[in-house]
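Trainee: need a 3D model of the sequence below.
(2 chains)
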Amino acid sequence: MNIIVCIKQVPDSTQVKVDPKTGTLIRAGVPSILNPYDHYALEKALAIKAKTGAKVTVLSMGPAQAVAVLRLALALGADEGVLLSDRAFAGSDTWATSYALATAVKKIGQFDMILCGQMAIDGDTAQTGPGIAYHLGIPQITFCESVDSDGTRAVVKKLIEGGHQIMEADLPVLITMTMPVDYAPKYPSFMAAHKAQDKQTYTWTAADIGADLHKLGLEGSPTRVSRIFPPAARQKGEMFSGSAEEMAAKFIEILKKESFIK
Amino acid sequence: MIQIASNCVGCGKCVSTCPFGALSLVNRKAVANASCTMCGACVSVCPVKALSLPASGAAKKDLSAYKGVWAFIEISDDGQKQFVRPVGFELLSKGRELADQLGEELCAVVIGDNIQPYFAELSSYGADKIYAVESPAYHDYNTAAYANAMVTLIKKYNPSVVLYPSTYIGRDLSPRISSELFVGLTADCTGLSIQDGLLIQTRPAFGGNIMADIKCPDYRPQMSTVRPNVFKKVVTRPGAMAQVVNEPIAVPVEAGKVRIVSKHMDPIACGEKLDEAEVVLAGGRGMKDKAGFDMLESLACELGGAVGASRAAIDLGLKPKEKQIGQSGVTVAAKLYVACGISGAVQHIVGMEHSDTIIAVNKDANAPIFNVCKYGFVGDARQILPKVIDGVKKAKN
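Mentor: Numbers count the residues shown, from 1 in each chain, chains lettered A, B, ... in the order given. Predicted structure coming up:
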């Protein structure tokens, strides 16, 4: 069985600060991490590998330094890593990104299951996974909390509005993973990281995967940012300060005035 | 990367705008480095129009044939009864405004089984036309079946705008369709308007405290997803009846590759559902720990409300992901919203700003949450809340 896990390097959102003047992110000095949803998807793939002996390939797209998340994945137990890196990919929205990743999957060739995080925490679109599935002509199941496979079919727990479904799918299938509340990503030991140094990573350009340049970068991206602006300034509310007792009393007064309590 | 013309005056506006820190001034001229993702955020701020994206080589298509605003209406089944998910009415209400501005018709697309009972209500929210794809085979949502039906209809009728709910179903379906049609799709829009005949899609961007307008000038239809509770539902045509167009579309065989084994609905706990609650108590990083959130739960029980959390508190594991309020979580429109220990990043604000009465408690007098609240308390919520809870209990007795 062959599993491909699509992963992305993202800024660690818990450490990103916002410039109070411009409202933009201060990215300098912010560490990059493996997108947590992808991290969870990778761990699920490795659990299936432990059971079935599947080969796990990790695939990413980004600048050269994104190889760091591939090395992390290899140290955690993935077998092989592929990085798509080329200026031709710059400016890609989710359409072009999913086209590029799907084209790379075709070059990798063998796959029974593709796992993705449901979304990247720096974009929040949740569109790339379904896009990849479309370009490969395979079914998808999105927002799954668990996934298992015996090598012939996949069984997942998929979230739905107000509950969940147990679903099964023929292979090949693409599955996007959400993560459980108490999820804490696992990190490799120093020894595991050291041992993984012999594992192979490949860097592919747009030409290497035989991608249609009209479907990459800006040209392959239907969406355009036409304007960015700070959120509209609003009227500041009525402000209170003082001791906790004084403020609590005022709070109660407001709840009464607004008829939330009698 | 971004192209910078020689008429750059070195004002530096683009440098502070760049969400990726890719621009700097060298010898009083803007210079881009390899971090540039060509997002285009800097182009509109340049006062001398020195910045531009490389021209697209795509041949301009004739887009005049694309007309009409569509809303995908999600039909749900909670295990007891089937119903229209209310966000569908919200999409129609906003869609009505857009269609009026464009001078085009508004259409509801309904896929499901036994859907006629909903047509009158859908009509009252302004739909001129209802495209109905009805069959027992569509009773449960299936990606391949629904995507095939939508793509078939879009190719047949060429709408200019298609809106989807940003629900589990809408977020599964819409990217599949945009991929097949090679059109743009903007996720979780917080504003939609028409400018020069184009759909302007507004959403918080780049994870920062900043908003972006996104458009798709060269592709049709223009497609967006919108979270529940972002737009108000407005009955614009009470008693009206839309023209119903039945569209029998067969389910493709691929649909059988994915099957539902069983369906489980969560029991609704003591508190109400967050997205429907009239009173919402929300906690952020400032609530610190579980004890802090217990205070919110207590107050919620006293006031009959539900408890949610900011992304920061979710990241700390203080609440499950489904209780996250904001751009990447649930959007609420409560009668009373109490934000405790939440600084008020724009991602959070867009998820609660439509609430009627907003009370904020935060230690930092400069926290942005105070700019959207009606009443602001500068202090530690963990000190104030226990006394508020006591006070509410006393007031009720």
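Trainee: list the contacts for residue 49?
Mentor: With no chain named, the answer covers chain A. A:Ile3, A:Lys55, A:Val56, A:Gly77 (Cβ atoms under 8 Å, 6 or more residues apart in numbering or on different chains). Glycine gets a C-beta too; all of them are placed from N, C-alpha and C.
Trainee: you looked at the wrong chain, it should be chain B
Mentor: With contacts defined as Cβ under 8 Å, 6+ apart, B:Lys49 is in contact with B:Ala5, B:Asn7.
Trainee: and what of B:Ala212?
Mentor: A:Val225, A:Arg227, A:Ile228, A:Phe229, B:Ala41, B:Thr202, B:Arg203, B:Pro204, B:Ala205, B:Phe206.
Trainee: swap the cut-off to 6 Å and go again
Mentor: Counting by Cβ atoms under 6 Å, 6 or more residues apart in numbering or on different chains, B:Ala212 makes contact with A:Val225, A:Ile228, B:Ala205.
Trainee: if we can go back for a sec, any chance of a PyMOL selection covering the buried ones in the contacts of A:Lys49?
Mentor: Burial among those is assessed by 16 or more other Cβ atoms under 10 Å in any protein chain shown; the matching PyMOL selection reads:
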select buried, chain A and resi 3+55+56+77
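Trainee: from the contacts of A:Lys49, which ones fall inside strands?
Mentor: A:Ile3, A:Lys55, A:Val56 (DSSP state E).
Trainee: who in the stretch 51-200 of chain A is up against chain B?
Mentor: A:90-91, A:122, A:124-127, A:130-131, A:134, A:139-140, A:142-143, A:160-170, A:181 (Cβ under 6 Å from any Cβ of the partner chain).
Trainee: now these: which count as buried?
Mentor: Among those, those buried by neighbour count (16+ other Cβ under 10 Å) are A:90-91, A:122, A:124-127, A:130-131, A:134, A:139-140, A:142-143, A:160-162, A:164-165, A:167-169.
Trainee: strands along the stretch 1-150 of chain A, start to end?
Mentor: A:2-7, A:9-11, A:17-18, A:25-26, A:32-34, A:55-61, A:80-84, A:113-117, A:140-149 (DSSP state E, counting those that start in this stretch).
Trainee: in the last one, which residues are buried?
Mentor: Looking back up the chat, that one is strand A:140-149. A:Gln140, A:Ile141, A:Thr142, A:Phe143, A:Cys144, A:Glu145, A:Val147, A:Ser149.
Trainee: same thing with stretch A:208-222?
Mentor: Residues of stretch A:208-222 classed as buried: A:Ile209, A:Ala211, A:Lys215, A:Leu216, A:Gly217, A:Leu218, A:Glu219, A:Gly220, A:Ser221, A:Pro222 (neighbour count, 16+ other Cβ under 10 Å).
Trainee: which of the residues you listed are close to chain B?
Mentor: A:Leu218, A:Glu219, A:Pro222.
Trainee: any weak-confidence spans in the stretch 101-250 of chain A?
Mentor: Low-confidence segments of the stretch 101-250 of chain A (pLDDT under 70): A:233-235.
Trainee: err, the stretch 101-250 of chain B, not the other one
Mentor: B:206-209.
Trainee: what does it have sitting close to chain A?
Mentor: So far as Cβ under 6 Å from any Cβ goes, the stretch 101-250 of chain B lies against chain A at B:143, B:167-168, B:171-172, B:175-176, B:179-180, B:183-184, B:187, B:207-216, B:219.
Trainee: select from those every entry located in strands.
Mentor: Using DSSP E, those in strands are B:Met211, B:Ala212, B:Asp213, B:Ile214, B:Lys215.
Trainee: these two touch, right, B:Met223 and B:Ser160?
Mentor: No - proximity of B:Met223 to B:Ser160 does not meet the contact threshold set by Cβ atoms under 6 Å, at 10.3 Å.
Trainee: helices of the stretch 51-200 of chain A, start to end?
Mentor: A:67-76, A:94-108, A:128-136, A:190-195 (DSSP state H, counting those that start in this stretch).
Trainee: same for the second one, what does it pack against?
Mentor: Read it as helix A:94-108. helix A:128-136 (3 or more Cβ pairs under 6 Å, 6 or more residues apart in numbering or on different chains; DSSP states H and E).
Trainee: point me to the residue of the stretch 1-150 of chain B nearest chain A.
Mentor: Closest to chain A within the stretch 1-150 of chain B is B:Met38: 3.2 Å, counting by Cβ to the nearest Cβ.
Trainee: any idea what B:Gly283 is bridged to?
Mentor: With DSSP bridges as the criterion, B:Gly283 is bridged to B:Ala309, B:Cys340.
Trainee: that one and B:Phe293 touch, don't they?
Mentor: Yes - counting by Cβ under 6 Å, B:Gly283 touches B:Phe293, with 5.5 Å between them.
Trainee: from chain B, how far off is the residue nearest to A:Pro180 when sequence neighbours are not counted?
Mentor: Among residues not flanking A:Pro180 along the chain, A:Glu145 sits closest, at 6.1 Å (Cβ to Cβ, 6 or more residues apart in numbering or on different chains). The gap separating A:Glu145 from chain B is 10 Å, by Cβ to the nearest Cβ, to the nearest Å.
Trainee: same deal with A:Ala66?
Mentor: Taking Cβ to the nearest Cβ as the measure, A:Ala66 falls 12 Å from chain B.
Trainee: surely A:Gly220 touches A:Thr97?
Mentor: No - if you go by Cβ under 6 Å, A:Gly220 and A:Thr97 don't touch, sitting 8.8 Å apart.
Trainee: how is chain B carved up into domains?
Mentor: Taking automatic domain parsing as the reference, chain B has its domains at B:3-52, B:69-256, B:274-396.
Trainee: can you list these in a markdown table and add distance to B:Met265?
Mentor: A markdown table is the format used below for the domains of chain B (distance: least, Cβ to Cβ, whole Å):
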| stretch | distance to B:Met265 |
| --- | --- |
| domain B:3-52 | 40 |
| domain B:69-256 | 5 |
| domain B:274-396 | 14 |
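Trainee: for A:Glu43, find the nearest of those.
Mentor: domain B:274-396 (16.9 Å; Cβ to Cβ).
Trainee: nearest residue to B:Thr225 other than its sequence neighbours?
Mentor: In space, B:Thr225 comes closest to B:Ser166 once its chain neighbours are excluded; the distance is 4.0 Å by Cβ to Cβ, 6+ apart.
Trainee: show me where the stretch 201-350 of chain B has helices.
Mentor: Listed in chain order, the helices of the stretch 201-350 of chain B (DSSP H, counting those that start in this stretch) span B:290-303, B:311-315, B:346-349.
Trainee: wait, which of these is closest to A:Met239?
Mentor: Across the helices of the stretch 201-350 of chain B (criterion: Cβ to Cβ), the nearest stretch is helix B:346-349, sitting at 17.6 Å.
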